[in-house]
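A.B. asks: Fold the following, please.
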Amino acid sequence: IEKDDVTRYITNCRKIRAFRDTNFKFKNMRVFDVMSWELLTGKIEPRRNTFNKPASKTEFQIRRSNAPLNQILYGPPGTGKTYNVVRYAVELIEGKKILPGENYDDVKARYEKYVGSGQIKFTTFHQSFSYEEFVEGIRPIVVDRYGNETNTAHSDTTVIYRAFNGVFKSLCEKAAKSPHMNFVCVIDEINRGNISRIFGELITLIEESKRGTSVILPYSQAEFSVPVNLYILGTMNTADRSLAIVDYALRRRFRFCPIAPEFNNAFREFIVSKGISMEHAKQIISKVKAANVLIAEIDRGLEIGHSY
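C.D. replies: From the prediction side, this is the model:
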């Protein structure tokens, strides 16, 4: 119960009392008057609901203080960027590191649970992806004479245009309503799209120091801000040459995390488990590593990944 609610409640009670005093004979309201006066003057603190109490701001800041709000995992194809996104997203949602050796299927199941609850939203950038799909746009709607939407056009209907939320804006609004929870927007192949066009004014709002800063969006003319409990996690394939240029504005606002090929003991044990002899497994690893050394002299982004 907020103090303003208590004030309005007491005001209404006084109106009821005045009506009662005018129309009825009983007039015993002394106890209520004393309590209401003490509430208004702050002598009695109103009781507050403690059920489902969210974490305090301090606790929440401690839980997520070590993770940057904007990250991009980049590397050659087949290095496990999407695989790692699942683990990173779950860590961001839960505010803690996944324990070494924890079963990936269990982590994946938790990831799917958070996707289902709306805490994680997955989208893929491509050359046709636009600001209207990511942030907000306008859409034609057929309405009847009473303003109700309809799927059938006839002489009594007309077409109007309404603003609609894109993937990112919808997630931001959900995160703003639940400040005690973490949310993650996963953007696969982030450098395949026209980043400046897709992000628009968000290129400023996603910056850590600008979180909570409001701007007026062009279509809805509504105030919008990116909440501090929303993380952006992108992936970038360094071997694709049909990519949009990643400018310095984006580089400055994201932490770039390299994902390199790993032809290690775990990889060797995996291919041996698939029926390849230990001798052949060692030869494969040796030859691929040698190939990657040569490829790296040309472009490290073209190396062969361990799951390619």
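
A.B. asks: Can you give me the neighbour number for residue 15?
C.D. replies: Counted by other C-beta atoms under 10 Å, the residues lying close to residue 15 total 10. Every C-beta, even on glycine, is put in place using the N, C-alpha and C of the backbone.

A.B. asks: burial measure for residue 125, as a count.
C.D. replies: 22.

A.B. asks: tell me the contacts of it?
C.D. replies: 187, 188, 189, 190, 191, 192, 193, 195, 198 (C-beta atoms under 8 Å, 6 or more residues apart in numbering).

A.B. asks: And residue 293, its phi and psi?
C.D. replies: phi -60, psi -40 (degrees, to the nearest 10).

A.B. asks: If I look at it, what pLDDT would I see?
C.D. replies: We note a pLDDT of 78 for residue 293 in this prediction.

A.B. asks: Can you report how many residues neighbour it?
C.D. replies: Taking other C-beta under 10 Å as the criterion, the count of residues near residue 293 is 10.

A.B. asks: still on that earlier bit, save the contacts of residue 125 as JSON lines, and put in pLDDT too.
C.D. replies: Putting these into JSON lines (pLDDT from 0 to 100) gives the following:
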{"residue": "187", "pLDDT": "95"}
{"residue": "188", "pLDDT": "92"}
{"residue": "189", "pLDDT": "90"}
{"residue": "190", "pLDDT": "89"}
{"residue": "191", "pLDDT": "84"}
{"residue": "192", "pLDDT": "86"}
{"residue": "193", "pLDDT": "86"}
{"residue": "195", "pLDDT": "85"}
{"residue": "198", "pLDDT": "92"}
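
A.B. asks: just the buried members of those?
C.D. replies: Buried subset of those (neighbour count, 16 or more other C-beta atoms under 10 Å): 187, 188, 189, 190, 191, 192, 193, 195, 198.

A.B. asks: which strands and helices sit next to the host helix or strand of the first one?
C.D. replies: So the one you mean is residue 187. For residue 187, the element it lies in under DSSP states H and E is strand 183-188. Strand 183-188 sits against helix 81-94, strand 120-124, helix 167-177, strand 230-237, with contacts defined as 3 or more C-beta pairs under 8 Å, 6 or more residues apart in numbering; DSSP states H and E.

A.B. asks: highest average neighbour count across the ones you listed?
C.D. replies: strand 230-237 (a mean of 23; mean count of other C-beta atoms under 10 Å).

A.B. asks: what distance separates that strand from the centre of its chain?
C.D. replies: 10 Å (C-alpha atoms, centre = their mean, to the nearest Å).

A.B. asks: same question, stretch 148-155
C.D. replies: 36 Å.

A.B. asks: can you check stretch 264-283 too?
C.D. replies: With C-alpha atoms, centre = their mean as the basis, stretch 264-283 stands 39 Å off its chain's centre.
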